[in-house]
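Asker: following is a predicted model, sequence given first.
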Amino acid sequence: MTSQPLHHLCVVFRQISLAMAALLLVGCGDKQTTVSLTVAHGLDNRHPVHLALEYMNKDLQQRSNGQMQLQIYSSGQLGSEREVIELLQIGSLAMTKVSASSLEAFVPQMKLFSLPYLFQDNRHFWHTLESPLGQELLAAGTPYRIRGLGYYDAGSRSFYATHAPIHSPKDLAGLKIRVMNSQSAVNMVRAMGGSATPVSWGELYTALQQGVVDGAENNPPSFYLSKHYEVSKFYTLDEHTTIPDVIVIGTHAWEQLNPQQQTWLQQAMQSSSEYQRTLWAEATQEALAAVTAAGVEVIYPDKSTFKLSVADYLAEQTELAHLISRINALATRPLEEHKHD
């Protein structure tokens, strides 16, 4: 048997297994019905996202008195971010964690988060997510059979390079920079002067090692836990984008839950989001300390040069102008005021 048919059979087997998992979404116990929701994500078991999902599972079981639980698959066991979103859409998977950038191919409004220097600071970022606008964006995927439950902190993304430090956008000239499979990310790096190269996360370490790309961009915990610091010894904290992770449920799975179950799940989501933000802050500081100890040069650049390099690109985003205006307005208003917008 050739490798191609074998690969096809493996894909088919995985799809069948996932479909069976979806059918077992509701399992019968002796005295009550137990709802088990399968959740997939692509990160390491040590990552704050996985730890927060485990926390969510415990919280959900407590709230429901054992009537609901999560079955969590980490490290991309069930596919890439795009693949698991598609599995949600057809009802073969209940939930996943994906980057808002990955969602933009399915929910056009999510492109907003991939715009550089959109938020003034972390407070402004969370004000936006907790505002009516943030909730509208979670609901925007419903026509596409996916529904956002809530946000996790994924920090700010910054550049790292293998051969030379990046102090300003001019240092990106001629460099092949790995980006997510997001047209917005491609456009942003091009605007800054680099050559954007989409590469899957699982292949990036080797791509850096072999020189397929000269660098990449991500947040400190991901840079550390992926061990990319072993290859790329220059990390520039330009913090060009602040893109949240989103916990998403397929509408097929959501509609199988009764109102009480939906409430339990939404409450567990909120609780885990608050927990994950604390974990994230700790993980960020630990990651920066660890990569520095491993010999990485952490650079704190003048961000104004990076902001200037994308000014024209931002001005071109006319279809998102109304959303950008709403975000800008939230920077100067207390959260209590805009909760009722």
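Answerer: Nice, thanks for sending it over. Numbering: from 1, shown residues only.
Asker: which strands or helices does the lengthiest helix in the chain pack on?
Answerer: Longest helix of the chain, by residue count under DSSP state H: helix 259-293. For helix 259-293, the packing partners by 3 or more Cβ pairs under 8 Å, 6 or more residues apart in numbering; DSSP states H and E come out as helix 48-63, strand 68-73, strand 146-152, helix 220-225, strand 297-299. Just so you know, the C-beta spots here come from the backbone N, C-alpha and C atoms, and that holds for glycine as well.
Asker: what pairs with the shortest one, parallel or antiparallel?
Answerer: This points to strand 297-299. strand 234-242 (parallel) (DSSP bridges).
Asker: now residue 99, which residues is it bridged with?
Answerer: residue 245.
Asker: surely it touches residue 246?
Answerer: Yes: counting by Cβ atoms under 8 Å, residue 246 is a contact partner of residue 99 at 7.4 Å.
Asker: the more surrounded of these two?
Answerer: Remark: of residue 99 and residue 246, residue 246 carries more neighbours, 27 against 23, as counted by other Cβ atoms under 10 Å.
Asker: buried sites along the helix or strand where residue 83 lies?
Answerer: Using DSSP states H and E, residue 83 falls within helix 81-89. Across helix 81-89, burial judged by 16 or more other Cβ atoms under 10 Å covers 81, 83, 84, 85, 86, 87, 88, 89.
Asker: now the two most distant members of those residues.
Answerer: 81 and 89 (13.0 Å; Cβ to Cβ).
Asker: quick revisit: which elements pack onto the helix holding residue 83?
Answerer: By 3+ Cβ pairs under 8 Å, 6+ apart, helix 81-89 packs against strand 95-99, helix 100-103, strand 146-152, strand 245-250.
Asker: can you list contacts of the last one?
Answerer: Strand 245-250 has contacts (Cβ atoms under 8 Å, 6 or more residues apart in numbering) with 37, 49, 85, 87-89, 91, 93-100, 103, 110, 138, 141, 145-154, 265, 269.
Asker: out of the residues you listed, which end up buried?
Answerer: The neighbour-count test (16+ other Cβ under 10 Å) marks 37, 49, 85, 87-89, 91, 93-100, 103, 110, 138, 141, 145-154, 265, 269 as buried among these.
Asker: between strand 234-242 and the longest helix of the chain, find me the angle.
Answerer: Angle of helix 259-293 versus strand 234-242, following axes from the mean of the first three to the mean of the last three Cα atoms, to 10 degrees, is 150 degrees.
Asker: could we number from 48 for the rest of this?
Answerer: New numbering, starting at 48: the last item is helix 306-340.
Asker: how far does helix 306-340 sit from its chain's centre?
Answerer: Computed by Cα atoms, centre = their mean, to the nearest Å, the separation of helix 306-340 from the middle of its chain amounts to 12 Å.
Asker: pull out the buried positions in it.
Answerer: Under 16+ other Cβ under 10 Å, the buried positions of helix 306-340 are 308, 311-312, 315-316, 318-320, 322-324, 326-327, 330-331, 334-335, 337-338.
Asker: give me every residue that touches the closest residue to residue 274 other than its chain neighbours.
Answerer: With sequence-adjacent residues excluded and distances taken as Cβ to Cβ, 6 or more residues apart in numbering, residue 274 is closest to residue 252, at 6.6 Å. Counting by Cβ under 8 Å, 6+ apart, residue 252 touches 273, 274, 275, 278.
Asker: out of those, who's nearest residue 170?
Answerer: Distances from residue 170 to the contacts of residue 252, taken by Cβ to Cβ, are shortest for residue 273, at 28.1 Å.
Asker: surely the closest one touches residue 251?
Answerer: Yes: using Cβ under 8 Å, residue 273 is in contact with residue 251, at 7.2 Å.
Asker: what's the separation between the residue nearest the centre of the chain and residue 358?
Answerer: In the chain, the centroid-proximal residue (Cα atoms, centre = their mean) is residue 146; its distance is 2.2 Å. Relative to residue 358, residue 146 is positioned 25 Å away (Cβ to Cβ, to the nearest Å).
Asker: and for residue 375?
Answerer: Distance of residue 375 to residue 358, given as Cβ to Cβ: 15 Å.
Asker: equivalent analysis for residue 234, please.
Answerer: Distance of residue 234 to residue 358, computed by Cβ to Cβ: 14 Å.
Asker: same check on residue 280?
Answerer: 30 Å.
Asker: since that was my last question, I'll sign off now.
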